[in-house]
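Visitor: pasting the structure only:
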């Protein structure tokens, strides 16, 4: 710490404002980072951390304030590259039609001539990809044919090849698994050792605590505090990130606890992805099931399968029909008919019709239902208007005119419209895929209240989220996914942040699911506090990181619930 | 251990990803199928004058396809619909300027055509970049505006091309000035693909944001792509003028749709980032061959309708077959398009030699397995008699087969990136052959055997 404190400030951002229309992405944000440190930028969704990264890399021009990196103010990516800044953006930016070499050396060449001989490029490309990805990658392969994780490595490799003085990683580990993240961290530490500044923008608290020297916490487009290494704990971070809001919402939280177990939806020998192990799942009336997991562990596919949005590679999902008896859900049509509603947090791709009005966005699925004049099929606008008014009021939707475009709303309000669309269908089961992504604390509290009321009225909720805090005091039980299938389950008082985090990193023994091997009933419901072997406040994942060891020396063997080898790496 | 676990552990044995894109397979197959049909229906195609006129007729389309290719690679769906009217525009203004004696010498005519093409494309590039209008709209406006202007400049077909250009359109020999333009233009494109500029262009076309955030000067690269396109459009207009020998305000317009068809047939992605010289060339030649084959059937008054119908049907069929490409790619991995070309060339040349030599139509069984036999038959025949065209084609055939095969083995041995030098070797070989044949008038039969590599 002391030598870091003595080293010069490399990145200095002061009082920067950046507005996108009415949205204040950065609202007087200040930030500074020194040479030879790993500095994390953290904050809730939409707090402006990605915007800050883009401002430092010169992608976004600022409205006011000043940015200085190594004494210069980059205003285009080309300038920032010349200064020695390399940024890995949240989006996986690769040219799919080009080769791995060309992608790795993107932007390095002069306009007409190569600045590096092609043979060198090929050699370095092969070396760095093998080192980063842990497997040989053909430097001439078409990037479009590679899996997502390798594309992500290409963007990281591109940044590392430029030998940056300032490296900015904006959620760059999203597509990487645990081992890959460790390799990335080893590389980052190497860079720090060479005196570079590394800025990490992340929402993964555990990763952040394990790697960073300092952290700047952001909220609502402002920096709200800087934590030194010793102060970096989950508690401190969350306290800063949420401010006072959490204290207010916490007391009124209580998870719905249905009295009897009546199965309303079941999955038999469901296979999430080709090659992953089959499993069973049952959803009871009146409960809220939380679904968690590290990114890409199959939890997102799971909820999509349940809602009939995507056909599973194997297994069968059936739902208790209103007419009695179980009906197989094999298409979205059946799912809609059996009143299963899917609400996605990916608003752009699976949610809003950007060019339609707020009103239409909410009522569009009702058009078939609310028809008049027989075959002519006129839409009954007045009754739709009533539905809209009711849902808008109950969701406390803030909007100007109901015929305004939906894009005039903030992300949180857009999400409310989508949830209103779901409720308007009067569903029995509502399946939510990370719905709280990018919405503010107040809107979240509102959402929880709605869903709790919904569950208490005898309906069921499946709630997938990437943020653990959401489940606490909200979900009846939580299922943690790993390697495409449930890894552990928590219920009642055991729904608690550290335990779930441990399970996500594979640090529990899967006791909550112990009986899952017997195909009948997943008893993820035992009061599991005694079964948690790692109730440690710090995520244990951190202690598993051999900090400075060379990569090849690490050998990790993971055992599944039945003692089989799930994954093995290293020599 | 479960099966997936075993896979995970064993995975690093192979490289990830596939190298070559198999987009050339369909146009190549089509090329040889059409070639064989064309030769069987009308063997006159593979004579010196037959090929000569084929080159003259196909050249404007090929160059127009190149012109389109340059901007399509740049992404944003920059399909320049105005290419046809632009060719016409250069054609009619050229004819009028020549008639008014403003320009006349070959150098000035070339300079004028290329400069006008580039100037038009520069304007379009600036509008696309700075006004941020969608390229397709800009090019559509260009199409309409230029079509009208052409009719104002030259209300009906007429006028005469410059004197020195008059003989170009005769098409009596393969080695015409138009062929020289075509070869030079192709070589220029190949050289351009070796520069960092072209890499920037492809990266930008594939993902503009990735290119911008990596520091590629995308504005300059985009303007460059348009300028290259304009230059090729100018060359295309010269070849078009040579072909019709006069001015025509309307006919050039047809090149728009033909060039887009050829480009798509050649495996280019209209979304950007992917297009190849070989693909565009083959695509354009495919279209020419379709017209040629159909002209051997007599459809009378509905000939042009049938031709259009076939363009459309073949394009759709080819795109449908393209859907199978991922499957092909998965099963055969790093498939060599060149090897496929060689195999098809052997079969096709075998059939062509057999049929043109004996005058018989070969049996339907002339498939790949019989190719070797056919080839030997043909070569033996070539040695026995001294039919000029057959001898020429036997020699070219041998050259086409042996050079790429040797090259291929060298490439595999050296794990090189691609075929860069080999293309030049083949082209040089063909050029030397051309010079030899031109000076000796095909009579020096002895030299052929020893010149074989």
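Guide: Arrived safely, thanks for sending. Not measured: the values here are computed from a predicted model.

Visitor: and the residue of chain A most remote from its centre, what's its pLDDT?
Guide: Distance from the centre of chain A peaks at residue A:373, with 46.0 Å (Cα atoms, centre = their mean). pLDDT recorded at residue A:373 is 70.

Visitor: how far away is it from chain B?
Guide: 40 Å (Cβ to the nearest Cβ, to the nearest Å). (C-beta placed from N, C-alpha, C; glycine too.)

Visitor: care to break chain B down by domain?
Guide: B:20-333, B:336-453 (automatic domain parsing).

Visitor: state the distance from the spatially most central residue of chain A to residue A:293.
Guide: Closest to where the C-alpha atoms of chain A average out (Cα atoms, centre = their mean) is residue A:466, at 4.7 Å. Shown here: residue A:466 relative to residue A:293, a distance of 9 Å by Cβ to Cβ, to the nearest Å.

Visitor: for residue A:211, same thing?
Guide: According to Cβ to Cβ, residue A:211 and residue A:293 sit 21 Å apart.

Visitor: what of residue B:243?
Guide: Distance of residue B:243 to residue A:293, computed by Cβ to Cβ: 65 Å.

Visitor: elements contacting the helix or strand that contains residue B:71?
Guide: For residue B:71, the element it lies in under DSSP states H and E is helix B:48-73. Here helix B:48-73 touches helix B:83-99, helix B:177-193, helix B:196-206, helix B:218-244, helix B:254-265, helix B:277-296, helix B:388-414, going by 3 or more Cβ pairs under 8 Å, 6 or more residues apart in numbering or on different chains; DSSP states H and E.

Visitor: touching chain A at all, the fourth one?
Guide: What it means is helix B:218-244. Yes. Residues of helix B:218-244 are located near chain A by Cβ under 8 Å from any Cβ of the partner chain, namely B:220, B:221.

Visitor: and the pLDDT for residue B:277?
Guide: 90.

Visitor: with chain A as the reference, measure out to it.
Guide: Distance, residue B:277 to chain A, by Cβ to the nearest Cβ: 15 Å.

Visitor: per-residue pLDDT of the most centrally placed residue in chain B, please?
Guide: When Cα atoms, centre = their mean is applied to chain B, the residue found nearest the centroid is residue B:281 (1.1 Å). What the model reports as pLDDT for residue B:281 is 93.

Visitor: what about the helix holding residue B:71, distance to the chain center?
Guide: 6 Å (Cα atoms, centre = their mean, to the nearest Å).

Visitor: enumerate the positions of that helix that are buried.
Guide: B:48, B:50-73 (16 or more other Cβ atoms under 10 Å in any protein chain shown).

Visitor: so who does residue B:39 touch?
Guide: B:45, B:46, B:351, B:352, B:355, B:356 (Cβ atoms under 8 Å, 6 or more residues apart in numbering or on different chains).

Visitor: how does chain A divide into domains?
Guide: According to automatic domain parsing, the ranges for chain A are A:2-244, A:245-339+A:428-537, A:347-426.

Visitor: so which of those domains is nearest residue B:37?
Guide: Comparing the domains of chain A by their distance to residue B:37 (Cβ to Cβ), the top pick is domain A:2-244, with 32.8 Å.

Visitor: what sits up against stretch B:257-266?
Guide: B:24, B:26-27, B:30, B:61-62, B:64-65, B:67-69, B:72, B:79, B:81, B:83-84, B:270, B:275-276, B:278-284, B:286-287, B:311, B:314-315, B:318-319.

Visitor: if any of those are buried, give me the ChimeraX selection for them.
Guide: Only the buried entries of the contacts of stretch B:257-266 go into this ChimeraX selection, using 16+ other Cβ under 10 Å:
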select /B:24,26,27,30,61,62,64,65,67,68,69,72,79,81,83,84,270,275,276,278,279,280,281,282,283,284,286,287,311,314,315,318
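
Visitor: what about the nearest residue in space to the residue nearest to the centre of chain A that is not next to it in sequence, neighbour count?
Guide: Excluding the flanking residues, the one nearest residue A:466 by Cβ to Cβ, 6 or more residues apart in numbering or on different chains is residue A:434, at 5.6 Å. Residue A:434: 20 surrounding residues under other Cβ atoms under 10 Å in any protein chain shown.

Visitor: ok and the residue in the stretch 251-400 of chain B nearest chain A?
Guide: At 3.5 Å from chain A, residue B:273 is the closest residue in the stretch 251-400 of chain B, using Cβ to the nearest Cβ.
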